[in-house]
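Chemist: sequence plus predicted model, see below.
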Amino acid sequence: MLVFIIIYFIFINLFSCSLMYIDKYKAKQQRRRISEKTIWFSAFAGGAWGASIGMKAFRHKTKHRVFKFGLPVLAIFQIAVFIYYILKEMGM
């Protein structure tokens, strides 16, 4: 079960980071964008850390306060829960 959770965590964070890149690319091309609702859904599904990294790396959504402060706070919470769960599974 622990391996599945680690794989899921890696996948969802890569996916969330990719969403930020794709949305930034589409914004530059003036094409139809990825909705903020979709970005937040992936962040709440465990990908807040990846979305935060994507936001910083691609300088995307950094002027939106809800993203600028909300994603890092959610990421810290998710990482804390993830570490707690790993420690619990390891019997610590």
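Modeler: Done, it's in.

Chemist: can we go C-alpha only for contacts and neighbour counts from here?
Modeler: Noted.

Chemist: ok, longest helix in the protein?
Modeler: Criterion DSSP state H: the longest helix present in the chain is helix 2-28.

Chemist: how far off centre is that one?
Modeler: 6 Å (C-alpha atoms, centre = their mean, to the nearest Å).

Chemist: now for that helix, which elements pack on it?
Modeler: Here helix 2-28 touches helix 36-42, helix 48-57, going by 3 or more C-alpha pairs under 8 Å, 6 or more residues apart in numbering; DSSP states H and E.

Chemist: next helix or strand past the longest one?
Modeler: Along the chain past helix 48-57, the next helix or strand (assigned with DSSP states H and E) turns out to be helix 65-89.

Chemist: before we move on, the earlier item: figure out which of the helices and strands packed on helix 2-28 is closest to K28.
Modeler: Of all the helices and strands packed on helix 2-28, helix 48-57 sits nearest to K28, with 15.0 Å by C-alpha to C-alpha.

Chemist: quick one, what contacts L19?
Modeler: Contact analysis of L19 by C-alpha atoms under 8 Å, 6 or more residues apart in numbering lists 34, 39, 51.

Chemist: oh, I was asking about L14
Modeler: By C-alpha under 8 Å, 6+ apart, the residues touching L14 are 47, 50.

Chemist: i'd like the first residue to be 34 from this point on
Modeler: Got it, the first residue is 34 from now on, which makes the last one we talked about L47.

Chemist: does F42 touch G79 like I think?
Modeler: Yes: between F42 and G79 there is a contact under C-alpha atoms under 8 Å: 6.4 Å.

Chemist: comparing those two, which residue is more hemmed in?
Modeler: Remark: of F42 and G79, G79 carries more neighbours, 23 against 20, as counted by other C-alpha atoms under 10 Å.

Chemist: and the more buried one, backbone torsions?
Modeler: Phi and psi for G79, reported as degrees, to the nearest 10, are phi 120, psi 0.

Chemist: surely it touches Q111?
Modeler: Yes: if you go by C-alpha under 8 Å, G79 and Q111 touch, sitting 6.6 Å apart.

Chemist: stretch 106-124: which residues count as buried?
Modeler: Buried residues in stretch 106-124, defined by neighbour count with 16 or more other C-alpha atoms under 10 Å: 107-108, 111-112, 115, 119.
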